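S.K.: prediction below, plus the sequence it came from.
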2 protein chains.
Amino acid sequence: MTPELTAIDHIGIAVADLEAAIDHYRDDLGLVVSHRERVESQGVDEVMLTLGGSAIQLLGALGADTPVGRFLASRGPGLHHVAYRVDDLTMTLEELRTRKVRLIDEVPRPGSLGTSIAFLHPKATGGVLVELVQHPATPR
Amino acid sequence: MTPELTAIDHIGIAVADLEAAIDHYRDDLGLVVSHRERVESQGVDEVMLTLGGSAIQLLGALGADTPVGRFLASRGPGLHHVAYRVDDLTMTLEELRTRKVRLIDEVPRPGSLGTSIAFLHPKATGGVLVELVQHPATPR
């Protein structure tokens, strides 16, 4: 068994000015904000804009000494991470462990909107920060 | 009218070792290579791996003095660009021009697999290199 990624869930983009970025994605590119959330534990303001079956996630730092704040200081604004959707995150993490893929999160943790998430280590993925996302089950 | 992006077409990822990257995406993440092409004019080997309605595009440099080679030297391997799918690239570029969005390509140019592509300038998009992709028309 290999992990079954089903889609690009979202692309995370670190922005220096969140309101200006929202204006750009809405007015220049025609995208629609579907969700906005302050995640104090991560030091970030998240704005999701849906696009097909995926989304763009704008990330504004709540301060310089936060993960996104440090990213902005060292690399500047731009592509921050890519998130892949999976059906069963616990099983996926187990399969990655058997493949010796280095993980940041050994077990799923809560994300926004009822999701479970886990990050892989960029050293395991060619310098790309990879997030895995399991969405809450929807009634059939 | 605003441009109508219909999907994340692909995410471009600059890799230092293309064969190792293919092994990682196939063996660790379970993705399947759908296309491979050397684009001499861009100085790049491209490998596409489909994922849902989108794709991951691995980019290996054909030399140090190529766009991807310079990216690898200055930033290291990682996320390189995001490509959005549009239905009518000529019209989209026209709409972006009326919005004073800075473009790298003023008119569509040929991409791989019969696509037409154009790049926006990262200064216009918060540090993100954005590509627009129009796929060839398919018979209905």
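M.R.: That came through fine. Numbering: from 1, shown residues only, chains lettered A, B, ... in the order given.
S.K.: so who does residue A:52 touch?
M.R.: B:6, B:7, B:8, B:53, B:54, B:85 (C-beta atoms under 8 Å, 6 or more residues apart in numbering or on different chains). Every residue, glycine included, has its C-beta placed from N, CA and C.
S.K.: likewise for residue A:105?
M.R.: Contacts of residue A:105 (C-beta under 8 Å, 6+ apart): A:93, A:117, A:118, A:119.
S.K.: and chain B, is the biggest strand by length in chain A touching that?
M.R.: For chain A, the strand with the greatest residue count under DSSP state E is strand A:5-15. Yes. Strand A:5-15 reaches chain B (C-beta under 8 Å from any C-beta of the partner chain) through A:5, A:6, A:7, A:8, A:11, A:13, A:15.
S.K.: name every strand pairing with that strand and say which way it goes.
M.R.: Using DSSP bridges, strand A:5-15 pairs in its sheet with strand A:54-61 (parallel), strand A:78-86 (antiparallel).
S.K.: export the next helix or strand after the shortest one as CSV, just CAs?
M.R.: Meaning strand A:54-61. Next helix or strand after strand A:54-61 toward the C-terminus (DSSP states H and E): helix A:67-75. Written as CSV, here are the backbone C-alpha positions of helix A:67-75 (Å, rounded to 0.1, in the frame of the first residue of the first chain):
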residue,chain,number,x,y,z
PRO,A,67,6.3,30.4,11.8
VAL,A,68,4.9,32.5,9.0
GLY,A,69,6.6,35.6,10.4
ARG,A,70,10.0,33.9,10.4
PHE,A,71,9.3,32.6,6.9
LEU,A,72,8.5,36.1,5.6
ALA,A,73,11.7,37.4,7.3
SER,A,74,14.0,34.8,5.7
ARG,A,75,12.4,34.1,2.3
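S.K.: which elements pack onto helix A:67-75?
M.R.: strand A:5-15, strand A:54-61 (3 or more C-beta pairs under 8 Å, 6 or more residues apart in numbering or on different chains; DSSP states H and E).
S.K.: ok, which of those strands comes nearest residue A:42?
M.R.: Closest to residue A:42 of those, according to C-beta to C-beta: strand A:54-61, at 8.9 Å.
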